[in-house]
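Asks: Got a sequence here, can you build the structure:
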Amino acid sequence: MIIQDTEISIESRLIGPLHRPFVIAEIGINHEGSMEKAIRMVDDAVAAGCECVKFQSHVIEDEMIPNDVIPGNADVSIWDIMARCALTAEEEFQLKKYVEDKGSIFLCTPFSRAAADRLEAIDVSAYKIGSGECNNYPLIEHIARFGKPMILSTGMNDLASIERSVQIMRKHSTPFALLHCTSMYPTPYSAVQLGAIAEIREHFSTGVVGLSDHSLGNYTCFGAVALGACILEKHFTSDMTWPGPDVSISIDPGELAQLIEGADAIHQANGGRKEILEGEASTIAFAYASVVTIVPIKAGETLSLKNVWVKRPGTGEILAPEFDTILGRTVVRDISVNHQLEWADIN
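Replies: Numbers count the residues shown, from 1 in each chain. Predicted coordinates for the structure are as follows:
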C-alpha cells in the first residue's frame, strides 16, 4: 500500500508517523463561558507539557435554529448549553494571543460558517473539525478554501461519508489529518474500535491519522499510538469538580502529563523488526550459555550428556545452539571441570 500523505505541518510542528504524537488538550466549552476558567486551563495544560490547546467557536444563530434537543451527556438543550458557553470574537482573539504568548498552539473548532470566518479573521494556523461537521460538506468546502491544515474527526460517519470530505480537501490541496472517533459520552471501551485507525489509514492512503477519544482515562490513547495514531485529542479540565457537560469525560493536568509522556514513550518503542541489537552485546556476554565440561575429561573420551552441558556466561567459543553438534565427538587432551570448550579441544 502506498501512503500518499505522510505528514502535515501546523505552524512549525510537523505531525505524522515519524514524529512524536501531537496531543491536543480539548478545553472546548469546559470553561462554561468563563475567561478566568479558560485561562486557568491554558496555564495548566501548558504546565503539563501540552503543545496544543483547543477551544470551540459557537456563533449560535448561524450554527442552529432554536431547539430543545438535549444531548445525552447533559440535562438542558444544546441551545441553552451553547448560549451559556459561547465566547465572543474578542474573547477568542484574546485566548489565541494568550496561548501563543505561552509558546503553545491555539486551535479552535468552528461549528458554523460565521465561526469559521471569525477564526480566519484572527488568522488561526489550522482548523479542527468536529465529528458532527464531518458530513457537513458545505462547511467543509468553505473551510477547505482557506488552504490551511484541517484535522477532521470522524465520529458518527462511515468510510463513504468521510470520503466526500476527503475529496473536498484534496480538491483544494488542503493538508489534512483524520481522527477516528466514537461519539458516545463516555465511550465504553468495547465501542472505541481502535481497529478503525488502520482502516482509515489504508482506505485514504494517509499516514496522518489519530484518535479523538471520549473514553475514560488514557488507556485507549496509548493503544492508539501503538497502532499508528500520531494525533491524540482528549477533553481537558483543570478541576474535575467543575460543572459542564464534558467535564466527566475529561482528563486533569496530572493525567494530561501522563498522556504526553506515555504517548511519546510508546511512539519511541514502535516499529523496528526482530533482530539482535548492538546494544544487547553486554547482556549476551552473561545471559547466553556456553558449552562446558561438568566433570574432568581424559584425552580420547567421547563427549556426552554425562560430561558436558551448557552454562552461563556466554563468553565461550562454543555456544548452546551448537551443543548437539559436539556430542559423540572425542577430545584431544585432558580437560578440567567447568572448562568452556573450544573447537581446538575436539576432534
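Asks: who's in contact with the lengthiest helix in the chain?
Replies: In the chain, assigned by DSSP state H, the helix with the most residues is helix 253-269. With contact meaning CB atoms under 8 Å, 6 or more residues apart in numbering, helix 253-269 is reached by 20-21, 23, 25, 44-45, 47-50, 217-218, 221-222, 225-226, 230, 232, 234, 236, 238, 251. Placement of C-beta: from N, CA and C, glycine included.
Asks: any idea how far that helix is from the chain center?
Replies: 9 Å (CA atoms, centre = their mean, to the nearest Å).
Asks: the strands in the chain, which residues?
Replies: Taking DSSP state E as the criterion, the chain carries its strands at 8-10, 13-15, 22-28, 52-57, 105-110, 127-129, 150-153, 176-181, 209-213, 231-235, 290-293, 308-311.
Asks: Buried residues, the longest one. List them.
Replies: Within strand 22-28, the residues that qualify as buried by neighbour count (16 or more other CB atoms under 10 Å) are 22-28.
Asks: now swap in the second one and tell me
Replies: Judged by neighbour count (16+ other CB under 10 Å), strand 13-15 contains these buried residues: residue 15.
Asks: gap between it and the chain center?
Replies: Relative to the centre of its chain, strand 13-15 is centred 13 Å away, using CA atoms, centre = their mean.
Asks: thinking again about what came up before, so of the strands of the chain, which one's packed in deepest?
Replies: Here the criterion is mean neighbour count by mean count of other CB atoms under 10 Å, and of the strands of the chain the winner is strand 209-213, at a mean of 28.
Asks: Quick one: list the elements packing against that one.
Replies: For strand 209-213, the elements it packs on are strand 176-181, helix 195-204, helix 219-226, strand 231-235, judged by 3 or more CB pairs under 8 Å, 6 or more residues apart in numbering; DSSP states H and E.
Asks: and the residue nearest in space to the middle of the chain, what does it touch?
Replies: Most central in the chain under CA atoms, centre = their mean is residue 225, positioned 3.7 Å from the mean C-alpha point. Contact partners of residue 225, counting by CB under 8 Å, 6+ apart, are 21, 232, 263, 266-267, 270.
Asks: cutoff 7 Å now
Replies: 21, 263, 266-267 (CB atoms under 7 Å, 6 or more residues apart in numbering).
Asks: what about the closest residue to it other than its chain neighbours, neighbour count?
Replies: Using CB to CB, 6 or more residues apart in numbering and skipping residues adjacent in sequence, the residue nearest residue 225 is residue 266, 4.3 Å away. Neighbours of residue 266 under the rule other CB atoms under 10 Å: 18.
Asks: all helices for the stretch 1-150 of the chain, in order.
Replies: For the stretch 1-150 of the chain, applying DSSP state H, counting those that start in this stretch gives helices covering 35-47, 60-63, 78-85, 89-101, 113-121, 137-144.
Asks: What subset of the contacts of helix 253-269 is buried?
Replies: Using 16+ other CB under 10 Å as the burial test, those include 20-21, 23, 25, 44-45, 48, 50, 218, 221-222, 225, 230, 232, 234, 236, 238, 251 as buried.
Asks: What does the pLDDT read for residue 76?
Replies: In this model, residue 76 is scored at 89, pLDDT.
Asks: ok, now which ones touch it?
Replies: residue 70.
Asks: Starting from residue 185, give me the distance back to it.
Replies: 15 Å (CB to CB, to the nearest Å).
Asks: What are the structural domain limits within this protein?
Replies: 14-269, 278-345 (automatic domain parsing).
Asks: on that earlier part again, for residue 304, find the nearest of the helices of the stretch 1-150 of the chain.
Replies: Smallest distance to residue 304 across the helices of the stretch 1-150 of the chain (CB to CB): 67.9 Å, for helix 35-47.
Asks: got the contact list for that closest one?
Replies: Contacts with helix 35-47, where a contact means CB under 7 Å, 6+ apart, come from 25, 27, 30-31, 53, 91, 95, 98-99, 102, 104, 236-238, 253, 256.
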